[in-house]
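J.: Pasting a predicted model and its sequence here:
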Amino acid sequence: KKKKKKTGGEPHLEKMGNLSGYLLFCILTVVGNVSGYPDGKVSSSCISMQPSHGANAQTSTPPYSINVQKTNYSEGDKITVTIQSNSGQTFKGFLLRTTTATKDAPIGTFINTDSSAQAISCNSISGGAASHTSNSVKQKVEVQWLAPQSSDDVQFKVTVVQSERIYWSNILGPTLKSTRQGSSVTVTITSGSLQMQSVTSAPDLISRDGCSTSKFCFTSPSGCDPLSDSSCYFMSSAAVDTDGLRIEISGPSTGYMAVGFSDDQKMGNDDIYTCLYQNGNIIVQHAYSTGRSDPTVLTLSNVDNIMTSFNNSIIKCSFITRNQISTQQRAFTDMYYVFLAQGPVESGKIEKHSGNPFITADKVNITGFQESSDNSNGEPSIIKAHGALMLISWMTTGSIGMLMARYFKEAAKKLVGGKAIWFQAHLSLMILTVVATAIAFILAFAEVQGWSYDTGAHPVLGCIVMGLALIQPFVAIFRPAPQSKRRPIFYWFHALNALVIKVLAVATIFLGLQLIDSSSNRWLAKVMGGFVGWEALMFILLDTDVICKKKEIYQEPEKTMKHEILLLIIYVCGNLAFLIALLVGIGQS
């Protein structure tokens with residue numbers, strides 16, 4: 001049999017057969033870098049102290065123990081806690097937390113761990129427990145525990161994992177006695193912050209009693225009570241005398257809790273009161289924010305009856321202000337949007353709030369008797385639209401457009417309007433991709449009104465993707481004729497630039513999903529990882545199909561085309577399934 005002569009296509013395109021392999025390698029490399037999770041993230045086990053290893057804990061005497069630097073504690077003490085082997089045996093993992101005689105729940109926070117340990121969230125308390133950072137063998141680990149304001153005696157407990165199926169749970173350590181006497185705490189006044197004034201501690205004075213009957217209340221979750229719920233974010237206000245406003249603030253935070261009064265639901269031009277934890281004290285600040293710059297701390301005056309507490313990483317403060325609330329430098333009224341936020345403190349200065357602040361649905365009368373709950377729908381709608389457009393661009397239109405040009409020149413070579421169907425589809429889909437990417441790019445900057453310095457590499461990669469995406473159509477417009485000697489150069493540049501854009505777009509999407517994912521199991525990035533695996537599988541199948549055609553394994557070309565079209569339909573359906581899941585996730589973020 002004579003070997004059939006190959007027809008159609010351009011010879012230099014055959015040299016690009018490994019591009020999809022490079023694409024798969026690059027994407028999987030990026031995914032590994034941006035979506036991995038460190039070992040020791042075992043917050044879900046911190047109450048039971050039982051690892052999910054499919055084995056029971058050892059009942060023999062534990063070969064490990066807990067040593068504590070001190071025998072008693074005061075608020076703000078940093079106490080070194082050591083987990084070590086008693087007989088030279090090593091261990092791979094551990095989970096350490098505290099408990100009290102009155103409640104088997106963490107108290108205080110872990111900080112400044114060594115390289116083998118990390119502080120993790122436990123029972124909604126950031127830093128409420130400590131665990132390992134890797135499964136490397138170790139004989140000793142030291143962590144530091146920051147003591148809270150409490151009169152309870154504290155005992156440490158640890159679960160130590162020697163190997164996957166050998167571990168000892170709930171090993172008890174020494175008990176620390178509280179040195180707290182009475183309930184007073186001292187604060188000071190400096191640069192607009194309250195200091196050097198003895199005030200009453202308020203652990204049991206802030207509650208939802210009186211909400212809707214004698215004071216305005218703002219809560220998240222809706223209807224929660226800070227007196228009994230450690231995860232409750234709470235703010236209340238009530239008129240006092242003829243010129244005063246009593247404000248109560250409570251919420252879980254090791255940095256600060258702040259309440260802001262605004263004319264709209266955007267940060268900026270707001271009157272703010274902050275209760276921040278620093279060096280064992282609760283410091284009250286009054287500030288005014290302009291635009292998106294750091295709030296300007298004002299001289300604190302006409303503020304009295306201050307009561308504060310910091311216990312179990314919960315900040316509570318209550319005070320009466322006789323200052324007029326001013327937004328956009330205008331006179332006092334009673335109707336405002338109320339913001340409630342929490343975040344970290346660095347060197348005595350509040351940093352950007354952690355996550356989105358809680359915001360009332362409408363303007364509320366802060367001297368009236370009503371109750372409002374959080375109406376913040378997570379990320380702003382414009383940011384959600386930005387994410388949705390990027391997903392649509394690079395999970396459907398862009399991906400399908402690239403596949404049409406690479407794999408379907410034979411199956412879709414019928415002419416429509418003087419051009420092959422595959423080319424028409426490729427051109428249309430890629431134009432949609434560039435347009436949608438540009439719109440999403442503009443939306444992000446319009447919402448932020450500047451550069452997002454606190455979002456890591458996401459905006460940097462986004463700008464690179466936008467720039468490279470704009471280059472593609474201009475290069476295509478000036479492509480040389482098919483017979484030109486420069487045509488191979490165009491193909492290589494066009495294909496390699498598309499490869500780079502695809503890899504960077506996937507990495508950017510991963511980083512973006514991690515920024516907005518508020519779910520406990522961080523499922524958005526996992527779904528995106530599934531999508532990358534799905535695309536890799538389809539590339540392998542389509543490349544296999546190309547190899548089979550080159551080796552003339554297929555005897556009936558018409559059946560081959562049907563096979564390719566079926567693969568395309570399956571690919572599109574799979575992409576749409578992943579896309580819909582992520583769009584739902586963005587909507588819920």
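T.: Right, received. Where do you want to start?

J.: what's the weakest-modelled helix or strand in this protein?
T.: strand 184-187 (a mean of 40; mean pLDDT, DSSP states H and E).

J.: How about the secondary structure of the closest residue to residue 395 other than its chain neighbours?
T.: Spatial nearest neighbour of residue 395, excluding adjacent residues (Cβ to Cβ, 6 or more residues apart in numbering): residue 579 at 4.8 Å. (Glycine included, C-beta is placed from N, CA and C.) Secondary structure, DSSP: H, G, I helix; E, B strand; the rest coil: residue 579 is helix.

J.: Measure how buried residue 579 is and give me the count.
T.: 19 (other Cβ atoms under 10 Å).

J.: Likewise for residue 566?
T.: Residue 566 has 10 neighbouring residues, counting by other Cβ under 10 Å.

J.: One more: the one 3 residues further on?
T.: For residue 569, the neighbour count with other Cβ under 10 Å is 10.

J.: Locate it within the secondary structure: which element?
T.: helix 557-588 (DSSP states H and E).

J.: would residue 219 count as being in a helix?
T.: No. Secondary structure of residue 219 (three-state DSSP): strand, not part of a helix.

J.: coming back round to it: which secondary structure elements does the helix holding residue 569 sit against?
T.: Contacts defined by 3 or more Cβ pairs under 8 Å, 6 or more residues apart in numbering; DSSP states H and E place helix 557-588 against helix 381-392, helix 398-407, helix 487-516, helix 523-550.

J.: how near is residue 410 to residue 459?
T.: Separation of residue 410 from residue 459 (Cβ to Cβ, to the nearest Å) stands at 41 Å.

J.: So for the two, which sits in the more crowded spot?
T.: Shown here are residue 410 and residue 459; by other Cβ under 10 Å, residue 459 has more neighbours (19 against 16).

J.: The more buried one is in contact with residue 441, isn't it?
T.: No. Counting by Cβ atoms under 8 Å, residue 441 is not a contact partner of residue 459; they are 9.8 Å apart.

J.: hey, what's residue 154 bridged with?
T.: For residue 154, the beta-bridge partners are residue 100, residue 176 (DSSP bridges).

J.: what about it, neighbour count?
T.: 25.

J.: So for it, what pLDDT did the model give?
T.: As predicted, residue 154 sits at a pLDDT of 90.

J.: next one: residue 544
T.: Confidence at residue 544, expressed as pLDDT, is 83.

J.: try residue 554
T.: Model confidence at residue 554 (pLDDT) stands at 53.

J.: Would you indicate which residues of the helix or strand containing residue 306 are buried?
T.: Take DSSP H and E as the rule and residue 306 turns out to sit in strand 303-311. For strand 303-311, the neighbour count (16 or more other Cβ atoms under 10 Å) marks 303, 306, 307, 308, 309, 310, 311 as buried.

J.: Okay, and the beta partners of the fifth one?
T.: I take that to be residue 309. On the basis of DSSP bridges, residue 309 is bridged to residue 316.

J.: looking at it, it is touching residue 316, isn't it?
T.: Yes. When contacts are counted by Cβ under 8 Å, residue 309 is listed as touching residue 316 (4.7 Å).

J.: Which of the buried residues of strand 303-311 sits closest to residue 265?
T.: In terms of Cβ to Cβ, no member of the buried residues of strand 303-311 lies closer to residue 265 than residue 303, at 26.5 Å.

J.: and that closest one, what are its bridge partners?
T.: Going by DSSP bridges, residue 303 is paired in beta bridges with residue 321.

J.: From what I see, it and residue 286 are in contact.
T.: Yes. Using Cβ under 8 Å, residue 303 is in contact with residue 286, at 7.0 Å.

J.: Next, show the common contact partners of these two.
T.: Residues touching both residue 303 and residue 286 (Cβ atoms under 8 Å, 6 or more residues apart in numbering): 321, 323.

J.: quick one: low-confidence ranges for the stretch 201-350 of the chain?
T.: 201-204, 291-293, 327-333 (pLDDT under 70).

J.: Name the nearest residue to the residue sitting nearest the centre point of the chain, sequence neighbours excluded.
T.: Residue closest to the average C-alpha location in the chain (Cα atoms, centre = their mean): residue 515, at 4.1 Å. For residue 515, ignoring the flanking residues on the chain, the nearest one in space by Cβ to Cβ, 6+ apart is residue 455 at 5.8 Å.

J.: just checking, that neighbour is part of a helix?
T.: No. Assessed by three-state DSSP, residue 455 does not belong to a helix; its assignment is coil.

J.: any chance you could map the helices in the stretch 151-300 of the chain?
T.: Using DSSP state H, counting those that start in this stretch, no helices are found in the stretch 151-300 of the chain.

J.: Give me the contacts around stretch 160-167.
T.: 51, 53-55, 57-58, 62, 64, 83, 89-94, 159, 168, 171.

J.: same check, this time on stretch 568-576
T.: By Cβ under 8 Å, 6+ apart, stretch 568-576 touches 395, 396, 399, 400, 403, 408, 531, 534, 535, 538.

J.: which residues touch the residue nearest to the fourth one when sequence neighbours are not counted?
T.: When the adjacent residues along the chain are set aside, residue 400 lies closest to residue 429, with 5.7 Å between them (Cβ to Cβ, 6+ apart). By Cβ under 8 Å, 6+ apart, residue 429 lies in contact with 397, 398, 400, 401, 404.

J.: To what extent is the first one buried, counted in neighbours?
T.: By other Cβ under 10 Å, 21 other residues sit near residue 397.

J.: Could you pull out the strands in the stretch 151-300 of the chain for me?
T.: 154-163, 166-178, 184-187, 197-201, 216-220, 233-240, 244-252, 256-262, 270-278, 281-289, 296-298 (DSSP state E, counting those that start in this stretch).

J.: In CSV: those, plus distance to residue 45.
T.: Formatted as CSV, the strands of the stretch 151-300 of the chain follow (distance: least, Cβ to Cβ, whole Å):
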stretch, distance to residue 45
strand 154-163, 8
strand 166-178, 10
strand 184-187, 34
strand 197-201, 33
strand 216-220, 26
strand 233-240, 25
strand 244-252, 20
strand 256-262, 28
strand 270-278, 28
strand 281-289, 32
strand 296-298, 41
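
J.: so which of these comes closest to residue 118?
T.: Here strand 154-163 is closest among the strands of the stretch 151-300 of the chain (Cβ to Cβ), at 14.5 Å.

J.: Output the closest one as CSV, restricted to C-alpha atoms.
T.: Extracted as CSV, the C-alpha positions of strand 154-163 are listed here (Å, rounded to 0.1, in the frame of the first residue of the first chain):
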residue,chain,number,x,y,z
VAL,A,154,-5.8,27.6,83.1
GLN,A,155,-4.5,24.1,82.2
PHE,A,156,-2.7,23.1,78.9
LYS,A,157,-3.6,20.0,77.0
VAL,A,158,-2.0,18.4,74.0
THR,A,159,-2.4,15.6,71.5
VAL,A,160,0.9,14.3,70.1
VAL,A,161,1.2,12.2,66.9
GLN,A,162,4.1,9.8,66.7
SER,A,163,3.0,8.3,63.4
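
J.: quick one: contacts for the nearest residue to residue 152 once chain neighbours are set aside?
T.: Spatial nearest neighbour of residue 152, excluding adjacent residues (Cβ to Cβ, 6+ apart): residue 100 at 4.2 Å. When contacts are counted by Cβ under 8 Å, 6+ apart, residue 100 touches 107, 150, 152, 153, 154, 155.

J.: Check what pLDDT residue 100 gets.
T.: 84.

J.: What of residue 355?
T.: Reported pLDDT for residue 355: 69.

J.: still on that earlier bit, wait, which of the buried residues of strand 303-311 is closest to residue 42?
T.: residue 311 (25.1 Å).
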